[in-house]
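> for reference, the sequence and a predicted model appear below.
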Amino acid sequence: MTIGSKIILSTLQATALLLAVQLTLGCSDSSQARPAPANFPPQQDAEDSLLSHLNPKKLYLRSDVVLVRDGREGQVLFEKNMHTRRPIASLTKLMTAMVILDANLPGEEVITITKEDRDRLRGSGSKLSFGTKLSRRDLLEMALAASENRAAAALGRTFPGGSGAIVAAMNEKARQLGMQDTAFQDPAGLRYGNLSTAADLSTLVDAAYRYPLIRELSTVGTDFVTDLRTGWKIRFVNTNRLVRTGRWNIDLSKTGYIAEAGHCLVMRAEIADRPVIVVLLNSWGELTKYGDANRIRQWLDRADQKARETARADRESTS
C-alpha cells in the first residue's frame with residue numbers, strides 16, 4: 001500500500017469515527033447540539049406598561065359585583081365577586097339580540113305589538129301601545145337602546161317556535177360560548193331566574209361585540225322609530241346616560257334593573273387608548289353604576305399617565 005493510500009484510509013477512518021461519535025451523542029447536526037430557546041413572551045413595550053401602574057387598593061367601587069377586563073389582551077384589571085351568580089335583568093337582551101340575528105330573520109318584517117307582549121310580571125310601562133307596528137330592526141333598537149320590554153317580548157313571541165324556542169336558543173348559545181354559570185328564562189330579563197356572573201357577562205359582551213348591528217343599536221343616544229300603522233314617531237333615549245353625554249367612546253352598552261338584580265351596566269369602551277370591558281352588577285342606587293364607571297375610567301387614565309411618564313423618563317435616561 002502506498003503512502004497516499006494510507007493517508008486516504010486514515011482520513012476515511014477518522015471521518016467515520018467522528019460520525020459515529022456524533023450519532024452516539026445524538027447531535028450529528030451542530031444546530032441540534034444547542035438547547036432549544038426558551039419560549040419567552042415578547043418584551044412589553046414601555047408605553048404599554050399600564051398594568052404595572054394599576055393599584056387596586058386605590059379603586060373603591062360601590063357596586064356589589066365588578067369586573068374590569070382588557071378587551072384586547074383579556075387580562076383582568078380589577079374584579080370584585082366576579083364569579084358570584086346574580087340576576088342580570090335587561091342585560092339579558094344582548095343574548096336575545098344575538099340569537100335573533102343568528103336566525104337570519106328579516107329585519108324589515110313588520111311585527112305588531114299585542115297584549116301578549118304586556119309585562120304581567122312587574123307591570124313595567126312602555127312607549128309601545130297595543131297595535132303599534134314596527135319592523136324587527138326597530139324593535140331590536142328599542143330593546144337594546146331603550147331597553148323596551150314589550151319590544152323584547154314581541155321579538156321573542158315572533159321567533160320561530162315562539163318564546164319557549166328563543167329561550168332555549170339563548171341557553172344553547174350561552175353553552176356554546178362557555179358561559180357555564182348563565183341561565184335565561186325570558187327574552188326581556190324580567191324574571192329573576194335570568195342569572196349570570198361578571199365573568200360570563202364579559203364573555204357575552206365579547207360575543208355581542210362581533211355583531212355590527214348590536215354595536216350600532218346599543219349605542220344610539222337618542223332616536224325615534226315610526227309606527228307603520230299610524231305614521232307617528234316614537235322618540236326614545238338610551239338608558240345609559242354615559243352614551244347620551246358624548247364624553248365617552250362607547251362601542252357597546254346595555255343597562256338593566258329589577259329589584260332582585262339592582263342596577264346593572266355592561267359596556268365595552270375605549271379607555272386609556274385600549275378597549276375595556278366593564279361589568280357592574282347590583283349597584284344600589286340609580287346613579288351608582290355611573291359613578292363607579294367614572295371612577296374606573298379615572299383610575300385607568302391615571303395609571304396610563306404614570307406609565308407614559310415612566311416610559312419617557314426611561315428613554316431620557318438611556319439617551
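Looks like it came in fine.
> alpha carbons of stretch 254-269, as CSV, please.
Once non-C-alpha atoms are left out, stretch 254-269 reads as follows in CSV (Å, rounded to 0.1, in the frame of the first residue of the first chain):
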residue,chain,number,x,y,z
LYS,A,254,-76.6,47.7,28.0
THR,A,255,-78.2,48.6,31.3
GLY,A,256,-80.6,46.6,33.4
TYR,A,257,-82.8,46.8,36.5
ILE,A,258,-85.2,44.7,38.5
ALA,A,259,-85.4,44.7,42.3
GLU,A,260,-83.6,41.4,42.7
ALA,A,261,-80.7,42.5,40.4
GLY,A,262,-80.2,46.1,41.4
HIS,A,263,-78.9,48.5,38.8
CYS,A,264,-76.7,46.8,36.3
LEU,A,265,-74.4,48.0,33.5
VAL,A,266,-72.1,46.4,30.9
MET,A,267,-70.0,48.3,28.4
ARG,A,268,-67.2,48.0,26.0
ALA,A,269,-65.5,51.4,25.9
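> identify each buried residue in it, please.
Using 16 or more other CB atoms under 10 Å as the test for burial, stretch 254-269 gives 254-258, 261-269. C-beta here means a position set from N, CA and C on the backbone, and glycine is covered the same way.
> and what of stretch 232-252?
So, applying 16+ other CB under 10 Å, buried residues of stretch 232-252: I234, F236, N238, T239, N240, R241, L242, V243, W248, I250, D251, L252.
> what is the neighbour count of the closest residue to the third one other than its chain neighbours?
Nearest-residue entry for N238: A145, 4.7 Å, with adjacent residues in sequence omitted and distances by CB to CB, 6 or more residues apart in numbering. For A145, the tally of surrounding residues (other CB atoms under 10 Å) stands at 26.
> what score does A145 have for pLDDT?
You'll see A145 listed with a pLDDT of 98.
> from what I see, A269 and V278 are in contact.
Yes - A269 lies in contact with V278 (CB atoms under 8 Å); the separation is 6.8 Å.
> quick one, what contacts the residue nearest to N238?
Neighbour list for A145: L217, S218, T219, V220, D223, F236, V237, N238, T239 [criterion: CB atoms under 8 Å, 6 or more residues apart in numbering].
> what does S196 give?
The contact partners of S196, taken as CB under 8 Å, 6+ apart, are R85, R86, I88, L91, M179, D181, T182, A183, L204.
> can you redo those residues as CSV with secondary structure and distance to V68?
Below are these laid out as CSV (DSSP: H, G, I helix; E, B strand; the rest coil; distance: CB to CB, whole Å):
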residue, secondary structure, distance to V68
R85, coil, 19
R86, strand, 17
I88, coil, 17
L91, helix, 16
M179, coil, 19
D181, coil, 19
T182, coil, 20
A183, strand, 24
L204, helix, 16
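> which members of those are classed as buried?
Applying 16+ other CB under 10 Å to these flags R86, I88, L91, M179, D181, T182, A183, L204 as buried.
> quick check: the last one touching T92?
No - applying CB under 8 Å as the test, L204 and T92 come out as separate, 9.6 Å apart.
> beyond the strand or helix carrying L242, next helix or strand please.
Here L242, judged by DSSP states H and E, is contained in helix 241-245. Toward the C-terminus, helix 241-245 is succeeded by strand 250-258 as the next helix or strand (DSSP H and E).
> quick one, strands of the stretch 1-150 of the chain?
65-70, 76-80, 86-87, 110-112, 133-135 (DSSP state E, counting those that start in this stretch).
> I'd like to know which elements the third one is packed against.
Packed against strand 86-87 by the contact rule (3 or more CB pairs under 8 Å, 6 or more residues apart in numbering; DSSP states H and E) you find strand 195-196.
> average pLDDT for the strand it packs on?
Averaging pLDDT along strand 195-196 yields 98.
> in this structure P106 contacts R136, no?
Yes - in terms of CB under 8 Å, P106 counts as a neighbour of R136; the distance is 6.7 Å.
> enumerate the positions of stretch 111-130 that are buried.
By neighbour count on 16+ other CB under 10 Å, the buried set for stretch 111-130 is I111, I113, D117, S126, L128.
> need the max-distance pair from the residues you listed.
Taking every pair in these and measuring CB to CB, the maximum separation is 14.3 Å, between I111 and S126.
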